[in-house]
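Trainee: would you be able to build a 3D model of this:
(one chain, ligands or ions: 1)
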Amino acid sequence: MSSYSLEVVRKDLGKTRIVDLPEASAGAGEAIFRVDKFGLTANNITYGVAGDIIGYWQFFPAEGDWGRIPVWGIGTVINAGTTDLKEGDEYYGYFPMSSYLVVKPDHVTPRGFTDGAEHRSALPPTYNQYSLMNEENGFDRQYDTHRMVYYPLFATGFILDDYLFDNDFFGADKIILSSASSKTSFSLAFLLNKNRDCHVIGLTSTGNKAFVEGLGLYDEVVTYDEVESMDASSKVAFVDMAGNRKVLERLHHHFNDNMVCSCGVGITHWESRDGQDPATLPGAKPTMFFAPTQFQKRGQDWGPAVLQQKMNDAWIDFLGSVDSWVTINERSGPEALQETYQEVLHGAAPNQSFALSL
Ligand SMILES: NC(=O)c1ccc[n+]([C@@H]2O[C@H](COP(=O)([O-])OP(=O)(O)OC[C@H]3O[C@@H](n4cnc5c(N)ncnc54)[C@H](OP(=O)(O)O)[C@@H]3O)[C@@H](O)[C@H]2O)c1
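Mentor: Residues are numbered from 1 along each chain as shown. This next block holds a predicted model:
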């Protein structure tokens, strides 16, 4: 059977190619995964945009100017080699958009393992962990596709909700979320709406306004060209999924010292990165949110089991609603993958999401 990989030009994410892969082979201590399915959203495009800064290109190296963008997905062990993995077992984790992945399992436990491959050793540990997909490990298999598409985004929403609460919302009267139509933003809005008594404003593009309003999760929905119409006398905390420098600049100048928190999370507007140096903007200094720090804090405060339980409970609630907002499209084959990648790169309709296989 043929094996493929989708590669993109690292400095020109619109250029892609499908590469035929050689037959997979496992060296000493290595195992081979078939990559079964994966989710693809703007989050994966951001891995490409921030690939050099955070090291995302190093997970699954490619030749020359080409790179392999990581995705969250499910893989099956098809050749365990001499490792402690079991053929046929399925794992959730970080994969390339390829037919297979060769890993070097380390710290194998009944819950999962770490890929100990040399080229991944200096990268953030969260991305090197693979979880065995069974009930004891918290996987409800009827939601496999939801897990791949939404869970990494929902988990970020979960910890952002907690981070804002843990910091008394930085004294803000209102919370503003940009790219309010994104899955990460509406996961956060879902949790703020459910858990907290606060006013949440969704900031979005004109074309996505109706979708955002239809979610019913935001107290107000404002488009990017209406930024200056917001009440500047309120103290606001801004959680930025869009990374649009012009919008950031306008918000900071509009709210001035009433911008009490400016928390960078994403770069969905990857084509709009020109604007005033964020460090020189009035109001709170824009900072990048680093989810593992807050996860670590809550792991210590509550213990890992309680943290996991809280996340699972919130996830189950979210699963009860998300299908009424977004439809998951399952697509397969190299051509479908290339087309879907272009769709996501240029901003897919927010009421559609994608689960892919090669
Ligand atoms: N730091 C972290 O730990 C972390 C974790 C998870 C996610 N994130 C980030 O959060 C962001 C959202 O990710 P997601 O997967 O939830 O996104 P998503 O659901 O795929 O978001 C789609 C939305 O993003 C905007 N968008 C996407 N592509 C665009 C384009 N080419 N031009 C203009 N707008 C575009 C549009 O929203 P609007 O019209 O509403 O702007 C669109 O409706 C990503 O940047 C991701 O990396 C960060």
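Trainee: could you use CA atoms for every contact and neighbour count after this?
Mentor: Fine.
Trainee: tell me the average confidence for stretch 100-108?
Mentor: Across stretch 100-108, pLDDT averages out at 98.
Trainee: got the buried residues for it?
Mentor: Tyr100, Leu101, Val102, Val103, Lys104, Pro105, Asp106 (16 or more other C-alpha atoms under 10 Å).
Trainee: could you pull out the helices in the stretch 251-358 of the chain for me?
Mentor: Counting by DSSP state H, counting those that start in this stretch, the stretch 251-358 of the chain has helices at residues 291-302, 304-322, 334-345.
Trainee: what's the average pLDDT for the longest one?
Mentor: In this model, helix 304-322 has an average pLDDT of 96.
Trainee: TSV for the helices of the stretch 251-358 of the chain, including mean neighbour count?
Mentor: Formatted as TSV, the helices of the stretch 251-358 of the chain follow (neighbours: other C-alpha atoms under 10 Å):
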stretch	mean neighbour count
helix 291-302	14
helix 304-322	14
helix 334-345	18
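Trainee: can I get these in TSV including distance to the ligand?
Mentor: Below are these laid out as TSV (distance: least, C-alpha to the nearest ligand atom, whole Å):
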stretch	distance to the ligand
helix 291-302	5
helix 304-322	12
helix 334-345	5
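Trainee: can I get those in TSV with distance to Ser182?
Mentor: Formatted as TSV, the helices of the stretch 251-358 of the chain follow (distance: least, C-alpha to C-alpha, whole Å):
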stretch	distance to Ser182
helix 291-302	17
helix 304-322	12
helix 334-345	12
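Trainee: picking up where we left off before, so which of the buried residues of stretch 100-108 sit within strands?
Mentor: Among the buried residues of stretch 100-108, the residues falling in strands (DSSP state E) are Tyr100, Leu101, Val102, Val103, Pro105, Asp106.
Trainee: of those, which is the nearest to Gln276?
Mentor: Leu101 (41.5 Å; C-alpha to C-alpha).
Trainee: touching, the closest one and Ala26? I think so.
Mentor: No: assessed by C-alpha atoms under 8 Å, Leu101 is found out of contact with Ala26, at 9.9 Å.
Trainee: mutual contacts of these two, please.
Mentor: Jointly contacting Leu101 and Ala26 under the rule C-alpha atoms under 8 Å, 6 or more residues apart in numbering are Ile32.
Trainee: for the ligand, what are the nearby residues on this structure?
Mentor: Contact residues (C-alpha under 6 Å from any ligand atom) of the chain with the ligand: 41-43, 46, 153, 156, 179-184, 204-205, 208, 241-242, 265-269, 291, 345-347, 350.
Trainee: filter the residues you listed down to the buried ones.
Mentor: Buried members of those, scored by 16+ other C-alpha under 10 Å, are 41-43, 46, 153, 156, 179-184, 204-205, 208, 241-242, 265-269, 291, 345, 350.
Trainee: and the lengthiest helix in the chain, what's its mean pLDDT?
Mentor: Longest helix of the chain, by residue count under DSSP state H: helix 144-166. For helix 144-166, mean pLDDT rounds to 98.
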